[in-house]
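J.: Quick one: sequence and predicted model below, then my questions.
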Amino acid sequence: MTGFLASFSKPFQLAVLLWPFVSVLLTVPAAVYLYHRDNRLRPASVLGVYAFMLYVLGLGCFTMYPWPQDPTAYCATHHLGAQLNPLQFIVDIRTEGMTAILQLGMNIVLFVPMGFFLTRFFRMPSWVAVAVCCATSICIEVAQLTGIFHLYPCAYRICDVDDVITNTLGGAIGIVLGLWCNRAFPAPLIDKAEVTVHPGFLRRCVSLAVDMGIIYMCQMLSIVLWSYLGHGAVAPDGHAFLVLLSVWFVVFEGIVPMVHPWAHHRLLPHPYDGGIRAAHDAATSGVLCGPHRAVVHPDDRGC
């Protein structure tokens, strides 16, 4: 029993160490989704999202870490494949006893929070949440079969169809708990007719983070594509790096707001027309206001 629990100590420590840094990056997309859905961001929602990111990080650490330190020696002596017999757990219980039972139980418990979070905080329909839990489990098993999608030279954990079954069962239990919480503690109703004419500082900061994240991601993809086409590497301190960053910045902060007028804000009492309106939108919606198109509710015409 002690040895079984000890196998989870290192992944848990790694998850706790990475949590403060990775969760900040992962919380931004979830915060955008909640802003878009509720047109506001409550403290309880922020805490729930932050806890969900810790769970996602821990799930990755528990299922992928630790890995063998010497890949060459390990891959030369180990050849792990896929276990596709859905009744193999019966044989495992007969041969391994309590260890196999604990493994099955942990596989169920591991996905209970996912089903709960998807139903309670993200308000997914039950069948969608079950599908997400099942797809996540399949993705994990494929990653184990391929050595984290060939980042590791060989498979160092067994891909087991029983894990998919037990994980999905755990997700279904979490969904039931989430549905019960939704009925016992219903979320306050949101007035979707509200219009944010004067956005707060928090909304602008989230918008800034979203837009800059999209810009940097597009820049990195452009660099990878440029290198793949055989044009050489792009140095971070070179002119090409700054040119790509500037191009994507102009696209997202200048062209997109002009093409999509529904994304414009209403900070001035009287709208402009023609080029003056376009210049105004490009200048004032810019970094601090342009990205609200991904943050606010569709009925919200404010920034």
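T.: Happy to help now that I have it.
J.: and stretch 81-95, C-alpha only, in PDB?
T.: The C-alpha trace of stretch 81-95 is given here as PDB (Å, rounded to 0.1, in the frame of the first residue of the first chain):
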ATOM      1  CA  GLY A  81       2.600  -2.400 -26.600                       C
ATOM      2  CA  ALA A  82      -1.100  -1.900 -26.200                       C
ATOM      3  CA  GLN A  83      -3.400  -3.900 -24.000                       C
ATOM      4  CA  LEU A  84      -6.700  -4.100 -25.800                       C
ATOM      5  CA  ASN A  85      -8.600  -6.800 -23.700                       C
ATOM      6  CA  PRO A  86     -11.300  -4.900 -21.800                       C
ATOM      7  CA  LEU A  87     -11.500  -7.800 -19.300                       C
ATOM      8  CA  GLN A  88      -7.800  -7.900 -18.500                       C
ATOM      9  CA  PHE A  89      -8.500  -6.200 -15.100                       C
ATOM     10  CA  ILE A  90     -10.000  -9.500 -13.900                       C
ATOM     11  CA  VAL A  91      -6.800 -11.300 -14.500                       C
ATOM     12  CA  ASP A  92      -4.800  -8.500 -12.900                       C
ATOM     13  CA  ILE A  93      -6.900  -8.600  -9.800                       C
ATOM     14  CA  ARG A  94      -6.400 -12.400  -9.500                       C
ATOM     15  CA  THR A  95      -2.600 -12.100 -10.000                       C
END
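J.: shaky segments in the stretch 101-250 of the chain?
T.: Counting by pLDDT under 70, the stretch 101-250 of the chain shows low-confidence ranges at 188-200, 202-203, 206, 228, 230-238.
J.: What ranges does it have for its strands?
T.: All strands of the stretch 101-250 of the chain, identified by DSSP state E, counting those that start in this stretch, fall at 159-160.
J.: quick one: T27 and M53 touch, right?
T.: Yes: because the distance of 5.6 Å satisfies C-beta atoms under 8 Å, T27 is recorded as touching M53. Using the backbone N, CA and C atoms, a C-beta is placed for each residue, glycine as well.
J.: okay, now the residue lying closest to I148 once chain neighbours are set aside: neighbour count?
T.: Nearest-residue entry for I148: M64, 6.0 Å, with adjacent residues in sequence omitted and distances by C-beta to C-beta, 6 or more residues apart in numbering. By the other C-beta atoms under 10 Å criterion, the neighbourhood of M64 contains 18 residues.
J.: OK, contacts around M64?
T.: Remark: with contacts taken as C-beta atoms under 8 Å, 6 or more residues apart in numbering, M64 is in contact with I140, A143, Q144, I148, R157.
J.: what separates A82 from S222, distance-wise?
T.: Using C-beta to C-beta, to the nearest Å, A82 is found at 37 Å from S222.
J.: More neighbours: which of the two?
T.: Under the criterion of other C-beta under 10 Å, the comparison of A82 against S222 puts S222 first, with 18 against 14.
J.: any idea how far M220 is from the nearest residue to the more buried one once chain neighbours are set aside?
T.: Leaving aside its sequence neighbours, S222 sits nearest to L244 (C-beta to C-beta, 6+ apart; 5.1 Å). When distances are taken as C-beta to C-beta, L244 and M220 turn out to be 9 Å apart.
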